[in-house]
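Engineer: What would the 3D arrangement of this be:
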Amino acid sequence: MNIEQARFNMIEQQIRPWDVLDADVLELLLVVKRENYVPAAHKNLAFVDSEIPLGGGAAMFTPKIEARLLQDVNLKKHESVLEIGTGSGYMAALLAHKGRHVTTVEIAPELKLLAERNLAANAVGNVTVELGNGAQGWANGAPFDVIVISGALPVLPDAFLTQLKVGGRLAAIVGAAPAMKAQLITRTGEASYDTVTLFETDVAYLQHATTPSTFTF
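Structural biologist: Alright, predicted model coming up:
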């Protein structure tokens with residue numbers, strides 16, 4: 001496989017058609033080598049338009065979802081980021097190249113170690129990988145400029161909203177299969193938020209994600 005041709009094809013055939021047109025984001029997809037974050041058994045899938053399994057029910061998002069979320073949170077160089085669901089560390093690496101510092105939270109010890117190894121091997125130094133359950137929020141280091149949730153949630157816990165700075169942006173995939181909504185939520189004031197639906201998708205839930213109350217009569 002010609003890796004650079006495959007990377008080019010991924011950008012031109014999958015990512016651009018998904019309205020990812022930000023030149024900085026497209027350049028970053030050339031710089032941060034996705035294949036370096038894909039488990040060895042799935043290297044040949046690094047640029048394919050499908051989720052890549054990481055074990056234990058976890059998976060990497062498709063490249064177009066990663067790129068779209070990265071573009072739409074509009075991360076600035078001075079900003080701090082919280083990511084929930086580290087996986088292989090690839091999304092954290094993308095965020096780290098655009099922001100000041102990334103705190104990323106992973107519930108599975110083996111994935112925490114994998115991500116730390118991947119980030120170190122690729123000389124990404126401004127990421128802290130925390131072991132824990134971040135599905136209900138993560139107070140340590142809050143408030144953040146940007147929050148990215150790398151897994152679906154049936155409902156978005158209020159804690160995430162309070163952990164955003166005013167002016168901060170949160171990207172989350174919320175709802176139920178097969179039509180979950182990727183949302184961008186901007187905190188516009190102490191008690192005000194603006195929500196935009198970006199696209200519909202269907203991805204795996206975060207472990208221990210809060211499920212909405214159901215009523216039976």
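
Engineer: tell me the secondary structure for Ile15?
Structural biologist: helix (DSSP: H, G, I helix; E, B strand; the rest coil).

Engineer: Equivalent analysis for Leu184, please.
Structural biologist: Assigned with three-state DSSP, Leu184 falls in the strand class.

Engineer: Next, count neighbours for it.
Structural biologist: Neighbouring residues of Leu184 were enumerated by other CB atoms under 10 Å; the total is 18. For the C-beta atoms, the positions are set from N, CA and C on the backbone; glycine is no exception.

Engineer: Contacts only, for the residue most central in space within the chain.
Structural biologist: Nearest to the centroid of the C-alpha atoms of the chain, with distances taken as CA atoms, centre = their mean, sits Ser150, at 3.8 Å. Listed by CB atoms under 8 Å, 6 or more residues apart in numbering, the contact set of Ser150 reads 61, 83-87, 91.

Engineer: if you set the cut-off to 6 Å instead, what comes out?
Structural biologist: With contacts defined as CB atoms under 6 Å, 6 or more residues apart in numbering, the neighbours of Ser150 are 83, 85, 91.

Engineer: Ignoring the adjacent residues along the chain, who's closest to it?
Structural biologist: Computed as CB to CB, 6 or more residues apart in numbering, the closest residue to Ser150 that is not its neighbour in sequence is Gly85, at 3.6 Å.

Engineer: got the CA coordinates for stretch 152-167 in CSV?
Structural biologist: Coordinates of the C-alpha atoms in stretch 152-167 are reproduced here as CSV (Å, rounded to 0.1, in the frame of the first residue of the first chain):
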residue,chain,number,x,y,z
ALA,A,152,-21.8,8.5,22.2
LEU,A,153,-24.0,9.5,25.2
PRO,A,154,-27.8,8.7,25.5
VAL,A,155,-28.1,12.2,27.1
LEU,A,156,-25.5,14.8,27.9
PRO,A,157,-24.9,15.2,31.6
ASP,A,158,-25.2,18.8,32.9
ALA,A,159,-21.7,18.5,34.5
PHE,A,160,-20.1,18.9,31.1
LEU,A,161,-21.9,22.2,30.5
THR,A,162,-20.7,23.6,33.8
GLN,A,163,-17.1,22.5,33.0
LEU,A,164,-17.0,24.7,29.9
LYS,A,165,-15.7,28.2,30.1
VAL,A,166,-17.9,31.0,28.9
GLY,A,167,-17.2,31.1,25.1
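
Engineer: Show me what counts as buried in that stretch.
Structural biologist: For stretch 152-167, the neighbour count (16 or more other CB atoms under 10 Å) marks 152-153, 156, 160-161, 163-164 as buried.

Engineer: contacts for that stretch?
Structural biologist: Stretch 152-167 is contacted from outside by 136-137, 142-143, 145, 147, 170, 172-174, 180, 187, 203, 205, 209-212, using CB under 6 Å, 6+ apart.

Engineer: State the distance from the residue nearest to the centre of the chain to Val203.
Structural biologist: Taking CB to CB, to the nearest Å as the criterion, Ser150 is separated from Val203 by 9 Å.

Engineer: got it, and Glu190?
Structural biologist: The separation that Glu190 has from Val203, given CB to CB, amounts to 31 Å.
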